[in-house]
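1. Kindly generate the corresponding structure for this input.
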Amino acid sequence: MTRYLLFFCSLILLGSCTKSDPINVKIVTTENELQEAIKNINVGDEIVLKDGIWKDVAIQFYGEGTKDNPIILRAETPGKVILEGNSSLKLGGKYLEVSGLHFKNGFTTEEAVIRFMIDSDRIAYHSRVTDCVIQDFTNPDRDSKNLWIELWGQHNSFDHNYITGKTNQGPTLRVSLKGNENVNTYHQIKNNHFGPRPRKGGPRAETMQIGSSFTSMTPGFVNVEHNYFERCNGEVEIISSKSNYNTFKNNVFFESEGSLVLRHGNYATIDGNVFIGNDNSEFIGGIRVINTGHWIVNNYFYNLKGNEFRAPLAVMNGIPKSPLNRYNQVTDVVVAHNSFINTKTPWHFGVGANLSQAEVLPASEIRSARAERMIMANNLVYTDNAFAKTVKTYDSITGVLFKNNIINVQNKSEYQTDGLITKDMKLSTIAEIFQTPQNLNAEIYKGFDFNRIEEDLFNNKRTDKNEIGAITKSIENGTELLDISNYGTSWFNTNPPETTPKTIKVSNTSELTKAIAESTNGDTIELNGGDYEINETYAFAKAVTLQSSTSEKPVLIFKNTDKGFELQPRAKLKIKNIILKGEVNTDAFATLDKNMGQSYELWLDQVEIDGFKSVLETSKASFADTISIKNSVIQNTLRGIQLNKETNDKGDYNAAFVFIEDSQFNNVKMDVLDYYRGGYDESTIGGSLVVSGNTFTNCGAKESSNILLKTRGIVHVRLENNSFKNNPVKTIAVLWGEKGQKPLNNTVVKSGEIKVVQNLKLKLVY
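-> Numbers count the residues shown, from 1 in each chain. Next up, the predicted model:
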């Protein structure tokens, strides 16, 4: 009887500790009713937004709740309250909770879509936003700057949300640390799904930023735990940690082109995170290390192929006496018990060392401070490539101590150390990508304070046996960490069913015009042979393919129009086996003059372009993810491809990837390509160009710069296997030697020269 009595008493006690039922529930259907309800809110009250579309609503949710009786603002049905147009949410007060909202079909002109502060007198504390979605709620101007989530105050939570599609300037989520009321935050950013953030084509596009350069010595104590980062490709810094004492634990970075970067601030803990790459991208990274006192343990790096700033583990050189906004020296960092599985050159040291560029950089930008008192211990490296190099050094690394790291092949790196030991091993597959060595007998390095590494990636207790790497033993729940359904909201489907694309056949201009207007995403329009005389611009804001239905190429003749094809945001236009003819006042392809907030793509294969003003004309802030021209003929145009409008010299550029392959360029009167990126910046891919297997004949006669292919500031350039004949220019191209650019197997006849400039002088971005 005593036992049962204690049991029932404990139930009563537990019940008394749980959150109370709402004191007053108010259902609101209009913005005025919402404002009135907030004005009269009391401890424990609940405001319910009626299901439906709420347009141009700027919510200022203020109240003073308590831990046991928070004030709640929620959707009547999670996901059924849609905030459209110029809508936003600000929270101020204590113990507030917001849930179930869906932001889409619009953008905000406020500082952020969701902000944990109304004004400096009304900051949020102990408040929570959960089970919400922000979907493509991005500004139409890529150069405009705002945030989607901004945390202020202390002890706030942003959890179980889904965020996707930001394309304009500014981090998706920022923690602001200005003022004593906003430090020692202990914010919780947990269980969210950060969906794809497209490439921006410039810096200032982090998915998460914790602090800023000028608050970087501030104690943040932010916990970022169990979040899923899916293809977050905005720039090289997926997460930019810029404050002290932050923790990053059990997050998954899936095919995200960037890294978790300890940009500023000290004493971060990076524990049990998973970084997953693929075979298609060399831009997917891991962890980049700067500053002091970090512990990097139990992390799992899989199939990563990034280099330098995007290496699986990138340890940077610092700037002596660095200002707050640059790079501090790496000191007193521990990297232990991590697994690197089939990563290409997993460890890069001295990243950013740039003494060789001293002739074009001020002394204050020279990164010569090497890592000191850094320990690399008990890490596992496994590769299927017997000739793989484990360590890449850009400077001396005498300040790094290597102890009891195990690799399954001989270390082929130039840098050799007895702290990297070769042992035969076999891996057992635990679940999907997770693997751990079988019966590996290896001594463990027990450094100072290493006993704090008590658990492995999956919270298994560590013992003195089999402790090398991130995983100590087989487990059954390995798939849970990779299951997207364990992240984000309770209601939003991140993979809705796709519509089945259709094929539309056309035989004349009117049918073609109708087909383009009525086509949906993914459709193919097949053209019969013959001439199509067109007196308008065809606009695209979707994925459509135009191709010939027969061996006879159809001929599209554009007359009396400024643009042949207008590439709008989200356009993905593919043209195959078609002839395009135009006039001297017509651009074959052109973007909108403004409001190009999302990227576009252009793919040309077996296309002939004849007689236009330009092949592609772009606007400032327009951005192409990919431009591909293959097996095509371009002739008798005034200019070629113009990707030269981002001239602010702040690292921005007009296209991520440009491929010009196996094509012919004849009688292009001015430049064939103008692809520009200004300013020293390492936060982006920096542009990528392949010019291979082409023939250039009689081009550039009227080009005032006397340069045929302009690539100033573009980081990745391949110029190979081309033929240049009778092009009346002084210079074919100027390549950037410091970035490894060099011409290969090109034939040059009466066409000037290909120059290689080792150090390119650019403006400083910062």
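2. Restricting to C-alpha, output the helix or strand encompassing residue 238 in PDB.
-> Using DSSP states H and E, residue 238 falls within strand 237-242. The C-alpha coordinates for strand 237-242 follow below in PDB (Å, rounded to 0.1, in the frame of the first residue of the first chain):
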ATOM      1  CA  GLU A 237      30.100  30.000 -44.300                       C
ATOM      2  CA  ILE A 238      27.000  27.900 -43.600                       C
ATOM      3  CA  ILE A 239      27.300  28.700 -40.000                       C
ATOM      4  CA  SER A 240      29.500  31.700 -39.000                       C
ATOM      5  CA  SER A 241      30.300  31.600 -35.300                       C
ATOM      6  CA  LYS A 242      31.300  35.100 -34.200                       C
END
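3. Kindly provide the whole-number mean pLDDT of that strand.
-> If you average the pLDDT over strand 237-242, you get 97.
4. Tell me the helices and strands packed up against the very next helix or strand once past it.
-> Next along the chain after strand 237-242, taking DSSP H and E as the criterion, comes strand 247-249. The contact analysis (3 or more Cβ pairs under 8 Å, 6 or more residues apart in numbering; DSSP states H and E) places strand 247-249 against strand 223-225, strand 269-271. C-betas here are computed from N, CA, C, even on glycine.
5. What pairs with strand 247-249, parallel or antiparallel?
-> strand 223-225 (parallel), strand 269-271 (parallel) (DSSP bridges).
6. picking up where we left off before, quick one: closest of the helices and strands packed on strand 247-249 to residue 507.
-> strand 223-225 (57.5 Å; Cβ to Cβ).
7. hmm, who's touching the closest one?
-> The contact list for strand 223-225, computed with Cβ atoms under 8 Å, 6 or more residues apart in numbering, reads 186-191, 208, 210, 239, 246-251.
8. rerun at 6 Å
-> The contact list for strand 223-225 (Cβ atoms under 6 Å, 6 or more residues apart in numbering) reads 188-190, 247-250.
9. Need those residues in a markdown table (columns: neighbour count and pLDDT).
-> Below are those laid out as a markdown table (neighbours: other Cβ atoms under 10 Å; pLDDT from 0 to 100):
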| residue | neighbour count | pLDDT |
| --- | --- | --- |
| 188 | 17 | 98 |
| 189 | 27 | 98 |
| 190 | 20 | 98 |
| 247 | 17 | 98 |
| 248 | 26 | 98 |
| 249 | 17 | 98 |
| 250 | 19 | 96 |
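10. Near residue 726, how many other residues are there?
-> The number of residues packed near residue 726 is 12, by other Cβ atoms under 10 Å.
11. List the contacts of the strand holding residue 238.
-> Contacts for strand 237-242 (Cβ under 6 Å, 6+ apart): 206-212, 216, 229, 232, 256, 258, 260-265, 268.
12. I'd like to know which of those residues are part of strands.
-> 208-210, 229, 260-264 (DSSP state E).
13. Which of the strands paired with strand 247-249 sits closest to residue 68?
-> Taking those one by one with Cβ to Cβ, strand 223-225 is closest: 23.0 Å.
14. that older thread, most neighbours among the ones in strands among the contacts of strand 237-242, which one?
-> residue 210 leads the ones in strands among the contacts of strand 237-242 on contacts (other Cβ under 10 Å) with 33 neighbours.
15. how close does the nearest residue to that residue once chain neighbours are set aside sit to residue 357?
-> Among residues not flanking residue 210 along the chain, residue 175 sits closest, at 4.5 Å (Cβ to Cβ, 6 or more residues apart in numbering). Per Cβ to Cβ, to the nearest Å, residue 175 is found 33 Å from residue 357.
16. Pick out whichever of these two has more residues nearby.
-> residue 175 (29 against 17).
17. these two touch, right, residue 567 and residue 592?
-> No: using Cβ atoms under 6 Å, residue 567 is not in contact with residue 592; the gap is 7.8 Å.
18. okay, those two: which has more neighbours?
-> Higher neighbour count among residue 567 and residue 592: residue 567, with 27 against 21, using other Cβ under 10 Å.
19. Nearest spatial neighbour of the residue nearest the centre of the chain, chain-adjacent residues omitted?
-> Centroid-nearest residue in the chain: residue 233, 1.8 Å away (criterion: Cα atoms, centre = their mean). Leaving out its chain neighbours, the residue that sits closest to residue 233 by Cβ to Cβ, 6+ apart is residue 257, at 4.1 Å.
20. quick one: contacts for that neighbour?
-> Counting by Cβ under 6 Å, 6+ apart, residue 257 has contacts 233, 283-284.
21. can you rerun that using 10 Å?
-> Residues in contact with residue 257, defined by Cβ atoms under 10 Å, 6 or more residues apart in numbering, are 197, 199, 231-236, 238, 277, 281-285, 306, 310, 656, 684-685.
22. quick one: contacts for the residue nearest to residue 210?
-> 116, 149-152, 156, 158, 182, 185, 187, 189, 208-212, 215, 220, 222, 224, 241-243, 246.
23. Show me which of these are buried.
-> 116, 149-152, 156, 158, 182, 185, 187, 189, 208-212, 215, 220, 222, 224, 241-243, 246 (16 or more other Cβ atoms under 10 Å).
24. Need the per-residue pLDDT for residue 9.
-> 42.
25. scratch that, residue 460 is what I was asking about
-> Reading off the model, residue 460 has pLDDT 88.
26. Reduced to three states, what does the closest residue in space to it that isn't next to it in sequence come out as?
-> Excluding its sequence neighbours, the residue lying closest to residue 460 (Cβ to Cβ, 6+ apart) is residue 472, at 5.0 Å. Judged by DSSP: H, G, I helix; E, B strand; the rest coil, the three-state class of residue 472 is coil.
27. What is the burial count for residue 472?
-> Neighbour number of residue 472 under other Cβ under 10 Å is 21.
28. is it true that it touches residue 444?
-> No: using Cβ atoms under 10 Å, residue 472 makes no contact with residue 444, being 11.0 Å away.
29. any idea how far residue 755 is from residue 389?
-> Separation of residue 389 from residue 755 (Cβ to Cβ) stands at 31 Å.
30. Please apply the same query to residue 506.
-> Using Cβ to Cβ, which is the criterion applied here, residue 506 is 47 Å from residue 755.
31. Those two: which is more packed in?
-> residue 506 (20 against 14).
32. And that one, how far from residue 517?
-> 12 Å.
33. so where's the chain shaky on pLDDT?
-> Counting by pLDDT under 70, the chain has low-confidence residues at 1-22, 464-466, 474, 476-477.
34. please redo it, this time with the cut-off set to 50
-> 1-18 (pLDDT under 50).
35. quick revisit: tell me which of the strands paired with strand 247-249 approaches residue 523 most closely.
-> Nearest of the strands paired with strand 247-249 (Cβ to Cβ): strand 223-225, 41.1 Å.
36. Just the helices from the stretch 401-550 of the chain, written as ranges.
-> Using DSSP state H, counting those that start in this stretch, the helices found in the stretch 401-550 of the chain span residues 509-518.
37. need the strands for it, in chain order.
-> For the stretch 401-550 of the chain, the strands defined by DSSP state E, counting those that start in this stretch occupy 405-407, 420-422, 427-431, 434-437, 503-506, 523-527, 531-534, 538-540, 543-548.
38. Please identify which of these is closest to residue 479.
-> strand 427-431 (4.6 Å).
39. The closest one - contacts with which helices or strands?
-> Strand 427-431 is packed against strand 434-437, with contacts defined by 3 or more Cβ pairs under 10 Å, 6 or more residues apart in numbering; DSSP states H and E.
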